[in-house]
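1. What shape does this take:
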Amino acid sequence: MASRAYPVRVAGGRLSWYKNPRGELAKCGKRANRGGAVSQRLRHPGLHDARGRELPHRLLDVMGVPTYAVDAGEGPPILLIHGYGDTADGWRRVVPGLVSSHRVVAVDVPPFGRSGEPDASRLIDFYGGYFPELMRELELERATVIGHSLGGAIALHLTLAHPELVERLGLVAPAGLGKAPPWWWHAITGYGKAWKLLLTIPSPLTPVLIREGITRFLDWRLFDDPRHLREEIEHLVSMHSAPRDFDRLLAAGRCCLDSYTGTLLEDSAAIDVPLFMVWGRRDGFVPAKHAALFAKLHPHAHVHVFEDCGHHPQIELPALFNRLLHEWIATTAARPVPIRAAAA
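-> The predicted model follows:
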């Protein structure tokens, strides 16, 4: 059944609201490849093309940090930046529909997944140098950059600092647009001491308690209907339920919080590239009301809100996500390289 769009006029811009077909939730593929930095025993889903063939991946050295990277397909390049605590595999439901017509680059953003840990206390500042270096390493002069959650904040910072590298900017439930950090970042840092105390107790119950806590939290906040996405939740839980991996997750949250300015939405007014935004109306991590604020500030942006959807539109509604993304790319021309960048 086709989705029906319900556009709502918002001062200066337009948001498209979608009531979603439940039938779009497809089963996750069973293929997997061995994990690395998080756990040698963890099996990752990997990324595949439309025929189910695993896409090539390799380990790069970017600013001294081992970086797991998938680089596949031919055509205009798309750089995918995942969110907090996730991996490149978080794009696995939309990549098959992208790699047939584009060069797709997706990495495990340090310190997550199969990539290494950067020696940095302020991660957002670190990413400011890391992603331009990654693009140089991969010989990407410019790309359409798509970021989810924390990856959306990274993509916004990248576009502001290096507009010459970004042809188009796509944002999927981006973090960082509020005046204050999302409450769950405060939860991570606020409860960090209690968790750290638990992590020091040499008890076989510690991993069990961590797993149960993460599972309950994700069931509550992550997806609109988690019953259909047990494999995705189980994979996220498995990545962080070992005490050492969970400790790394908490540390990364604190490093992100230290870089929070509260001015990212206001700063984004300076961006002059085609803009695309997708948000889930039932997002329990970052409020969908930020989509309306963004649309008001950027009247020419393509902003879509999915009604029956949580924090991961690319997982919950991949077919609708890809259709809108392809339409946006096809109908928007990439901006010329900024004069100041070209002169440099």
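2. so Ala291 makes contact with Val305?
-> Yes - look at Ala291 against Val305 with Cβ atoms under 8 Å: they come within range, at 5.4 Å. All C-beta atoms are positioned from the backbone trio N, CA, C, and that covers glycine.
3. Contacts only, for the closest residue to Ala88 other than its chain neighbours.
-> In space, not counting the residues next to it along the chain, Ala88 is nearest to Ala106; the distance is 3.8 Å by Cβ to Cβ, 6 or more residues apart in numbering. Shown here is Ala106, whose contacts under the criterion Cβ atoms under 8 Å, 6 or more residues apart in numbering are 47, 69-70, 79-80, 82, 88, 91, 95.
4. Could you pull out the strands in the stretch 151-300 of the chain for me?
-> Using DSSP state E, counting those that start in this stretch, the strands of the stretch 151-300 of the chain run over 166-172, 275-280.
5. how about JSON lines for these, with mean pLDDT added?
-> Shown next, in JSON lines, are those (pLDDT from 0 to 100):
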{"stretch": "strand 166-172", "mean pLDDT": "98"}
{"stretch": "strand 275-280", "mean pLDDT": "96"}
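6. Please convert those to TSV, extending it with distance to Arg122 and mean neighbour count.
-> Formatted as TSV, the strands of the stretch 151-300 of the chain follow (distance: least, Cβ to Cβ, whole Å; neighbours: other Cβ atoms under 10 Å):
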stretch	distance to Arg122	mean neighbour count
strand 166-172	22	26
strand 275-280	26	25
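7. In PDB, list the C-alpha atoms belonging to the helix or strand where the residue nearest to Ala88 lies.
-> According to DSSP states H and E, Ala106 maps onto strand 103-107. Extracted as PDB, the C-alpha positions of strand 103-107 are listed here (Å, rounded to 0.1, in the frame of the first residue of the first chain):
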ATOM      1  CA  ARG A 103      29.400   5.200  -5.000                       C
ATOM      2  CA  VAL A 104      28.500   4.500  -1.300                       C
ATOM      3  CA  VAL A 105      31.000   5.100   1.500                       C
ATOM      4  CA  ALA A 106      30.100   4.100   5.000                       C
ATOM      5  CA  VAL A 107      32.500   3.900   8.000                       C
END
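8. Beta-bridge partners for the residue nearest to Ala88, please?
-> With DSSP bridges as the criterion, Ala106 is bridged to Val70, Leu80.
9. C-terminal to the strand holding Ala106, what's the next element?
-> helix 123-137.
10. May I see the buried residues of stretch 292-304?
-> For stretch 292-304, the buried set under the neighbour-count rule, 16 or more other Cβ atoms under 10 Å, comprises 292-295, 297-298, 301-304.
11. oh, I was asking about stretch 109-117
-> So stretch 109-117, judged by 16+ other Cβ under 10 Å, has buried residues 109-116.
12. How far off centre is that stretch?
-> With Cα atoms, centre = their mean, to the nearest Å as the basis, stretch 109-117 stands 14 Å off its chain's centre.
13. show me the contacts for the closest residue to Ala50 other than its chain neighbours.
-> Using Cβ to Cβ, 6+ apart and skipping residues adjacent in sequence, the residue nearest Ala50 is Pro96, 4.3 Å away. Residues near Pro96 by Cβ under 8 Å, 6+ apart: 48-50.
14. State whether Pro96 is indeed within a strand.
-> No - Pro96 is assigned helix when assessed by DSSP: H, G, I helix; E, B strand; the rest coil, not a strand.
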